[in-house]
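Participant: One predicted model, sequence on top.
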Amino acid sequence: MSTAMTSFQDLPARARILDAAQRLFYRDGFRAVGVDTIIAEAGVAKMSLYRHFPSKDDLIVAYLEESNRQFWVWLEEAVAGIEDPEERLVGMFAAIERLATRPECLGCTFQGAATEFPDRDHPGHQVALAHKKAVRDRFGDLAGEAGLHDPERLGDQLLLLMDGAWVAARMYGPDNPADGLVASARTLIDAHR
C-alpha cells in the first residue's frame, strides 16, 4: 500500500463521523439513523462523536453544510469554462440530468431535511432552506446576466424543475423522467426571451 493512500481508519474521527453520517443520512434519512449506528459505522467511541458534535442536530447541520459545499463545488466544476450565462444555465441542467439519472442518485438531501424537519425553526430545515434559496438566486442571477425576461421567475421555475428531477431520482431510480431535463430547461429558458 502506498504511503500516499489514506484508509478510512486513518482519517481523523470528525471526518470519519461526517463520512458515515453522509452515507447513512443520504441513504436512510435523518430520523431513521441513530447515533449508535453512526458511531459503529465510523468506528469511533460515543464520547468522540459528542466531542465533535454535541447533539445529533449539530451533526445534521454539519453534514448539510458539507453537502452544500460539495454541491457548489460539483456544480461550478460542471460548468467551468462556459462563459455565456445562458449556456451556463443549460450546462448546470446537463450536469443535474447526468447525476439524477445515475443509479446511485437518491435525490436531494436538502429536500429530505425539509421533509423530515418541517418546523422551519429546526436547524436542519434552516440549512436546507438557505441552500435552496442560494440555488434559486444563482439561477435567477444567471438568467439576468443572460438578459432573459423576468429572471427571478425563471430562477423559481428552474429551481422547481431541478427539484422535480431530484424527487424523480428517489421515486423512480435511474429510469426517471429526468432523462429529458436539459430539453425542459431549454424550453423554460426560451419562454423567457
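Facilitator: Sure thing, it's come through. Numbers count the residues shown, from 1 in each chain.
Participant: what ranges do the helices span in the chain?
Facilitator: Ranges of helices within the chain are 13-28, 35-42, 46-52, 56-78, 85-100, 109-116, 123-145, 151-172, 181-191, based on DSSP state H.
Participant: can I get those in CSV with mean pLDDT?
Facilitator: Formatted as CSV, the helices of the chain follow (pLDDT from 0 to 100):
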stretch, mean pLDDT
helix 13-28, 97
helix 35-42, 97
helix 46-52, 96
helix 56-78, 98
helix 85-100, 97
helix 109-116, 98
helix 123-145, 98
helix 151-172, 97
helix 181-191, 97
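Participant: For those helices, please prepare a markdown table with the additional fields mean neighbour count.
Facilitator: Bear in mind the C-beta positions are built from the backbone N, C-alpha and C, glycine included. Putting the helices of the chain into a markdown table (neighbours: other C-beta atoms under 10 Å) gives the following:
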| stretch | mean neighbour count |
| --- | --- |
| helix 13-28 | 19 |
| helix 35-42 | 17 |
| helix 46-52 | 15 |
| helix 56-78 | 17 |
| helix 85-100 | 20 |
| helix 109-116 | 20 |
| helix 123-145 | 19 |
| helix 151-172 | 18 |
| helix 181-191 | 17 |
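Participant: and this protein, what are its domains?
Facilitator: 10-54, 60-191 (automatic domain parsing).
Participant: Arg23 - nearest residue in space that isn't next to it in sequence?
Facilitator: Distance criterion C-beta to C-beta, 6 or more residues apart in numbering; nearest residue to Arg23, sequence neighbours excluded, is Glu41 at 7.2 Å.
Participant: can you tell me how far that neighbour sits from Asp28?
Facilitator: Using C-beta to C-beta, to the nearest Å, Glu41 is found at 11 Å from Asp28.
Participant: OK, contacts around His122?
Facilitator: Applying C-beta atoms under 8 Å, 6 or more residues apart in numbering to His122 gives the contacts Asp57.
Participant: Next: Leu142.
Facilitator: Leu142 makes contact with Pro85, Glu86, Arg88, Leu89 under the criterion C-beta under 8 Å, 6+ apart.
Participant: for Ala80, phi and psi?
Facilitator: The phi and psi values for Ala80, taken as degrees, to the nearest 10, are phi -60, psi 130.
Participant: Counting neighbours, what do you get for it?
Facilitator: Residues near Ala80, counting by other C-beta atoms under 10 Å, number 9.
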